[in-house]
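**Q** Predicted coordinates and the sequence they were generated for:
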Amino acid sequence: MAKKTKKTIMPEGVILTAPNTQCLREGASAVGFEYAVRRDKDKRYLSEPDEYGEGVWETDSESGTWRGSAEDAYNLANRYDLLNPDCEEDTLIDGYHVVARPWFHDEDLIDSEEDMPFDKLDFSGLGITPDDFEE
């Protein structure tokens with residue numbers, strides 16, 4: 001019998017993005033989500049070099065600042081005045097979104113420069129499939 005998975009519901013307004021699959025072993029299982037702030041017009045990721053520095057916008061998602069919860073990503077956005085003051089719930093101003101991506105344990109990493117195809121990875125523990133990723 002096929003393994004059933006519970007469908008994960010992203011927090012409202014959060015966009016699910018594909019993870020970087022380079023250096024992942026075949027069969028690696030995604031174990032959670034991490035969250036970042038992304039600017040829509042150029043898909044750059046908010047990065048803060050240190051806790052007191054200015055935020056910069058990085059083209060590479062790996063250089064962005066990723067947080068362990070959507071709430072923490074919204075708190076980061078708030079530090080840079082990106083929350084919409086007209087909304088009661090956490091909502092970013094037009095042109096910005098919180099994005100999420102699956103993450104994997106370090107033991108699933110291998111020394112490889114090849115991307116692992118999504119169909120060779122396991123997202124079932126998160127209740128998602130590659131079809132759920134933003135295009």
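**A** That came in fine, so what should we check first? Quick caveat: nothing in here was measured; it's all calculated off a predicted structure.

**Q** Can you pull out the residues in contact with stretch 80-94?
**A** Residues from elsewhere that reach stretch 80-94, judged by CB atoms under 8 Å, 6 or more residues apart in numbering: 12, 13, 37, 46, 55, 70, 71, 74, 77, 96, 98. C-beta: built from backbone N, CA, C; applies to glycine.

**Q** can I assume the last one sits in a strand?
**A** Yes. Note on residue 98: a strand contains this position according to DSSP: H, G, I helix; E, B strand; the rest coil.

**Q** That one - how many residues pack around it?
**A** Taking other CB atoms under 10 Å as the criterion, the count of residues near residue 98 is 26.

**Q** about what we covered before: out of the contacts of stretch 80-94, what pair is the most spread apart?
**A** For the contacts of stretch 80-94, the farthest-apart pair by CB to CB is 12 and 55; their separation is 23.8 Å.
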